[in-house]
Structures are given as C-alpha cells and as structure tokens.
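K.L.:
the following comprises the amino acid sequence and a computationally predicted model.
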Amino acid sequence: MGAKLPEGREANLIHDGPAAAYAIEHWPTPIVFSGWEIGNEIMTGAELRRAPEGTPVRRAYELFNGLNDRQSWDQTAVLYAVRGLDGRLADYWDLRTQGHLHVNPDGSNQWRMLPDKDHAYLVRKMDPKKIAEVIEELMLRRPGR
C-alpha cells in the first residue's frame, strides 16, 4: 500500500521520500500498488462489534478507534496480495500496467508512462461498499486450524 495515483502525496512515501524512491526504483520484483484512493473509499471496522470480545482484530479496532469504520488502505493491499485478480477479484479492480511509479525526494509521486517498468496499480471497478462487505466478512472470520 502506497502512493496516491496517478499522482499526489501519501503517508507511506512522504515520511522518508529518498528511501521510498530508492526502494521503489531498485525493487527486484514486480510491484502492484494499492494506492490511497483505493482504500480511502472502502470503510470497514464497525461490523467487528459482532466479533467475540478479545479477538485480535476486534481488540485492535477497539483500542485504535472504538470499533468505528475507517478507511481500508492496508486491507485492500492484503486482499490483492493474497488473492490477486484471478477469479472474483477481477470484478473488484482493474490493473494499470503501462508505465512506472516515480517518487520524488519529498515523497510525492507521479505515474509516468515512460519508461515502462514492472509496476502496476489498482484502479477502481466495483462499488467500494461491496468490497467493504467482503473485507469485513474476512475480518470477522475465525482463524482456521
């Protein structure tokens, strides 16, 4: 999770712009960015009131924001990382694959068309409320054995 696409400033990059720029420029494998704009519209957390008391996710939300909804920046990145765009997730987002993410020393970013690198970013396709339902169902799911 990082960047505000196609351009902007986002917390994960601006705290140490030079380090973010270096890491993204030199990363040895493909990168798919779940940008600020993706998670900002997906509100989750309030449904955790239905989770048993003491479960780790519920407790984290209790301590952080009193079991209220908040943006799902990290959850969208994890959902994509675990499930990719195969199957059902193909309905959630499109991928912009041409170009690359350029990070400036101040941490601001722009998507540049040239040169074309192994970078991509998620583009909204489905209603954020429907994605929020999926994420909350996963957040409520009891761990398997």
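P.N.:
Yes, it's here.
K.L.:
who are the packing partners of the host helix or strand of Arg59?
P.N.:
Assigned by DSSP states H and E, Arg59 belongs to helix 56-65. Counting contacts by 3 or more Cβ pairs under 8 Å, 6 or more residues apart in numbering; DSSP states H and E, helix 56-65 packs against no other helix or strand. C-beta here means a position set from N, CA and C on the backbone, and glycine is covered the same way.
K.L.:
could I have the CA atoms of that helix written out in PDB?
P.N.:
Only the C-alpha atoms of helix 56-65 are listed here, as PDB (Å, rounded to 0.1, in the frame of the first residue of the first chain):
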ATOM      1  CA  PRO A  56      -7.200  -9.700  17.900                       C
ATOM      2  CA  VAL A  57      -8.800  -7.700  15.100                       C
ATOM      3  CA  ARG A  58     -11.700  -6.600  17.200                       C
ATOM      4  CA  ARG A  59      -9.300  -5.600  20.000                       C
ATOM      5  CA  ALA A  60      -7.100  -3.600  17.700                       C
ATOM      6  CA  TYR A  61     -10.100  -1.600  16.400                       C
ATOM      7  CA  GLU A  62     -11.400  -1.100  20.000                       C
ATOM      8  CA  LEU A  63      -8.100   0.400  21.000                       C
ATOM      9  CA  PHE A  64      -7.500   2.400  17.800                       C
ATOM     10  CA  ASN A  65     -10.900   3.900  17.100                       C
END
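K.L.:
for it, which positions count as buried?
P.N.:
Across helix 56-65, burial judged by 16 or more other Cβ atoms under 10 Å covers Arg58, Tyr61, Glu62.
K.L.:
what sits up against that helix?
P.N.:
Gly45, Leu48, Arg49, Ala51, Pro52, Leu67, Asn68, Arg70, Met139 (Cβ atoms under 8 Å, 6 or more residues apart in numbering).
K.L.:
ok but the second one is inside a helix, no?
P.N.:
Yes - using DSSP: H, G, I helix; E, B strand; the rest coil, the assignment for Leu48 is a helix.
K.L.:
give me the buried positions along the top helix by length along the chain.
P.N.:
What stands out as the longest helix in the chain, according to DSSP state H, is helix 128-140. When burial is assessed from 16+ other Cβ under 10 Å, helix 128-140 yields the following buried residues: Pro128, Ile131, Ala132, Val134, Ile135, Glu136, Met139.
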